[in-house]
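Enquirer: This is a predicted model, with the sequence first.
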Amino acid sequence: MILETRKLSTYPFVLEPLPFAYDALEPYIDAATVQLHHGQHHQAYITHLNAALKDYPEFHGFSIEELLRMRSEMPVAIRQTVHDQGGGHLHHQLLWKMLKPGAAGAEPDGALAISIDRDFGSFDAFKAKFAETGVKHFASGWVFLVVNPADGELEVFARPDHDNVLLERKPVLLINDLWEHAYYLKYQSRRADYLNAFWNVVNWKYVSQRLAGVLAGQSQPWPMTQKFSHSVR
């Protein structure tokens, strides 16, 4: 039995509209890339995920976070698809929340700025670490800034393909896409240029809100799902 305290985003999953226009991130991320990234790549992950789950109604009441956490318990026939397509959906729905038009020159403040200075030495050192981690990551994947809820320490690392960090229990504060579809139209193979341009479109207010929630002992759900309690039997 599932006891919901708030409405969940469950099967069939849908592509939510962007919180900004396709060209709003210019000149740092071009309109053609945003349209392709959101309307085709993200939509494709959702389409394939829904197709995989269609004949398994026992999984229709679960959020994408839950599905990914229970992936090892799923039928072999859909296990990898849920990991790949579900991971793609999970990561992209968070990425769109991380981006903000008109953010050039903005920097984190408050507890986030203090934590970055403490754990990386400075904001510039953090940016260099984040970009270097993304550049050195082989092939496709994602680069993350996470926080350890036990001690508040920040950490940067990359994961391949659509491997998510839910099971690592380190809430994600910031994320960026290392798949070529995220930057190749504008930057070709210049991933470093893309990662450096990323700082001009980061929604630091949203990142700060996520950290504040963690430090306050609150779980930080990925966007489009809500906190809830459940038991399954």
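Expert: Received the coordinates, thanks. Note that the structure is predicted; figures quoted are calculated from it, not measured. Numbering: from 1, shown residues only.

Enquirer: Skipping its backbone neighbours, what lies nearest P12 in space?
Expert: In this structure, P12 finds its nearest non-sequential neighbour in N50, 4.7 Å apart by CB to CB, 6 or more residues apart in numbering. C-betas here are computed from N, CA, C, even on glycine.

Enquirer: What count of nearby residues applies to that neighbour?
Expert: 16 (other CB atoms under 10 Å).

Enquirer: by contact count, what packs against the strand or helix carrying it?
Expert: Here N50 sits within helix 43-53, counting by DSSP states H and E. Counting contacts by 3 or more CB pairs under 8 Å, 6 or more residues apart in numbering; DSSP states H and E, helix 43-53 is packed against helix 76-81, helix 87-98.

Enquirer: Out of the ones you listed, the one nearest A111 is which?
Expert: helix 87-98 (17.7 Å; CB to CB).

Enquirer: so how far is the closest one from its chain's centroid?
Expert: Helix 87-98 has its average C-alpha position 4 Å from the chain's average C-alpha position, going by CA atoms, centre = their mean, to the nearest Å.

Enquirer: And stretch 98-109, by the same measure?
Expert: Distance, stretch centre to chain centre, for stretch 98-109: 17 Å (CA atoms, centre = their mean).

Enquirer: Only the buried residues of it, if you could.
Expert: Across stretch 98-109, burial judged by 16 or more other CB atoms under 10 Å covers M98, L99, K100, P101, A103, P108.

Enquirer: any chance you could map the strands in the chain?
Expert: With strands called from DSSP state E, the chain shows them at 141-147, 154-160, 172-177.
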